[in-house]
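[1] A structural model of the following input is requested.
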Amino acid sequence: METNIACARQLRAWGYARPVIAFKNVDHQPADAVPYGDDISFHCAIAAEVWQDRPTPFYITNANVLCGGALYSGIGNRPVSADEFDLGMSQTIGVSRGYESRRQFRLVNQQVPHTFVHRRYQIIGRLEEIAEPDLVMVVASAYRIMRLCKAYTWKTGRLVQGLSGSAWCVCSFPHVLRERGISFATGDEQSRILMGLDEGELSCAIHWEALSVVMENYPHIQTGLAVG
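    Below you'll find the model as predicted:
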């Protein structure tokens, strides 16, 4: 945990004001986290409670998640009835909704990896509270997210792929869990509102294996114009 604490402190020193949120999927009921209880919400809203007053770290199951976030983040969707599915689609499809038709909805999901193994529980909390999480999420201005991405590319030579056009969970978890790298996302209108993001903020998902690469090389990247 000393590494996590040092990482969180360093990010604050670099100007990342929001606490970094960590996610860890496990099959055993966590003994060192508070149960989320019977509350139900959208996955993005649940994650954002780390920035609020709820005791952390806490753990959820897919029964706590109203949306597809449980599936995309690796704990699998709870069973839903045909009526529940149709109700969900009515809130997703059409003008002023997420997609024009079910065809676009299917196309989006065909672009999302679904190869990781689902676990029973997901622990959510601040980076300094969760040992060896699966991934972390940093939320900051576009400039500060750029610097995280640049630190990764500076060392690895791999471009960072950002994803947009769908919800925060769709664009954050699947690709990072599969590629074990880093990605950034804009989220969509609903997820941004539920998370309380400012207009200029982006989220950046970083796999645990990539976080040390970002942290170690952040001091090496360019600041300002290159001269001399």
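[2] Tabulate the CA atom coordinates of the helix or strand of the chain with the lowest mean pLDDT in CSV.
    In the chain, no helix or strand scores lower on mean pLDDT, DSSP states H and E than helix 82-90, which sits at a mean of 72. Taking C-alpha atoms only, helix 82-90 is exported to CSV below (Å, rounded to 0.1, in the frame of the first residue of the first chain):
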residue,chain,number,x,y,z
ALA,A,82,-38.0,-8.9,-20.9
ASP,A,83,-40.0,-6.1,-19.4
GLU,A,84,-37.0,-4.6,-17.7
PHE,A,85,-35.0,-4.9,-20.8
ASP,A,86,-37.6,-3.1,-22.9
LEU,A,87,-37.9,-0.4,-20.3
GLY,A,88,-34.1,0.1,-20.4
MET,A,89,-34.2,0.3,-24.2
SER,A,90,-37.0,2.9,-24.1
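[3] Off-centre distance for that helix?
    25 Å (CA atoms, centre = their mean, to the nearest Å).
[4] For the very next helix or strand once past it, give the mean pLDDT please.
    Next in sequence after helix 82-90, counting helices and strands by DSSP states H and E, comes helix 102-110. For helix 102-110, the mean pLDDT works out to 87.
[5] Name the residues that touch helix 102-110?
    Met89, Thr92, Ile93, Gly98, Tyr99, Gly165, Ser166, Val170 (CB atoms under 8 Å, 6 or more residues apart in numbering). For every residue, glycine as well, the C-beta is placed using N, CA and C.
[6] Just confirm the third one contacts Tyr99, I think it does.
    Yes. Look at Ile93 against Tyr99 with CB atoms under 8 Å: they come within range, at 5.8 Å.
[7] tell me what the longest helix along the chain is packed against?
    For the chain, the longest helix by residue count, based on DSSP state H, is helix 142-156. Here helix 142-156 touches strand 135-141, strand 182-185, strand 201-207, helix 208-217, going by 3 or more CB pairs under 8 Å, 6 or more residues apart in numbering; DSSP states H and E.
[8] List just the one of those that sits closest to Ile60.
    Closest to Ile60 of these, according to CB to CB: strand 135-141, at 15.1 Å.
[9] partners of that closest one in the sheet?
    According to DSSP bridges, strand 135-141 forms sheet pairs with strand 21-26 (antiparallel), strand 201-207 (antiparallel).
[10] circling back to that earlier point, tilt between the least confident helix or strand of the chain and helix 102-110?
    90 degrees (axes from the mean of the first three to the mean of the last three CA atoms, to 10 degrees).
[11] on that earlier part again, could you save the strands paired with strand 135-141 as JSON lines and add columns showing distance to Trp14, mean pLDDT and mean neighbour count?
    Below are the strands paired with strand 135-141 laid out as JSON lines (distance: least, CB to CB, whole Å; pLDDT from 0 to 100; neighbours: other CB atoms under 10 Å):
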{"stretch": "strand 21-26", "distance to Trp14": "17", "mean pLDDT": "98", "mean neighbour count": "23"}
{"stretch": "strand 201-207", "distance to Trp14": "13", "mean pLDDT": "98", "mean neighbour count": "24"}
